[in-house]
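>>> Below are the sequence and a predicted model; questions follow.
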Amino acid sequence: MATSNNASGANRLTARATSELRDSVLVRVATMGVALIFLAVAIEAAIQSGFLVRGISGVWATIFLLWGVALTTAGTLGRTLIWWRRR
């Protein structure tokens, strides 16, 4: 019986997280920011390994990193403020 409750609780948590991602613009903004940070790290890793030449690639890595940090901060901070105001 306890296993059934745990499984349904996990399913509810997964469903809630999925609905938050689908319904909240700020969560999408934060997710896009994280994706841009990963892209910047991948570009920098490609530069360090010699696949890309530093120059314009380094500029793009910096731009993606700055935008990623800004979007992640804005999305997370905005969502936190909305959550706090509803409590």
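In hand now; what should we look at? Residues are numbered from 1 along each chain as shown.
>>> Residue 80 in helix, strand or coil?
Counting by DSSP: H, G, I helix; E, B strand; the rest coil, the backbone at residue 80 sits in helix.
>>> My error: substitute residue 51 in the last question.
Under the three-state scheme (three-state DSSP), residue 51 adopts coil.
>>> ok, it - contacts?
By Cβ atoms under 8 Å, 6 or more residues apart in numbering, the contact set of residue 51 is empty. Every residue, glycine included, has its C-beta placed from N, CA and C.
>>> go on, residue 23?
Taking Cβ under 8 Å, 6+ apart, one finds nothing in contact with residue 23.
>>> Leaving out chain neighbours, which residue sits closest to the residue nearest in space to the middle of the chain?
Central residue of the chain (Cα atoms, centre = their mean): residue 31, 2.8 Å from the mean position. In space, and not counting its chain neighbours, residue 31 is closest to residue 21: 6.9 Å by Cβ to Cβ, 6 or more residues apart in numbering.
>>> end-to-end on stretch 38-58?
14 Å (Cα to Cα, to the nearest Å).
>>> Now do it: distance to the chain's middle.
20 Å (Cα atoms, centre = their mean, to the nearest Å).
>>> what is the mean pLDDT for that stretch?
For stretch 38-58, mean pLDDT rounds to 94.
>>> So which bits of that stretch are buried?
Using 16 or more other Cβ atoms under 10 Å as the test for burial, stretch 38-58 gives 39, 40, 43, 44, 47, 52.
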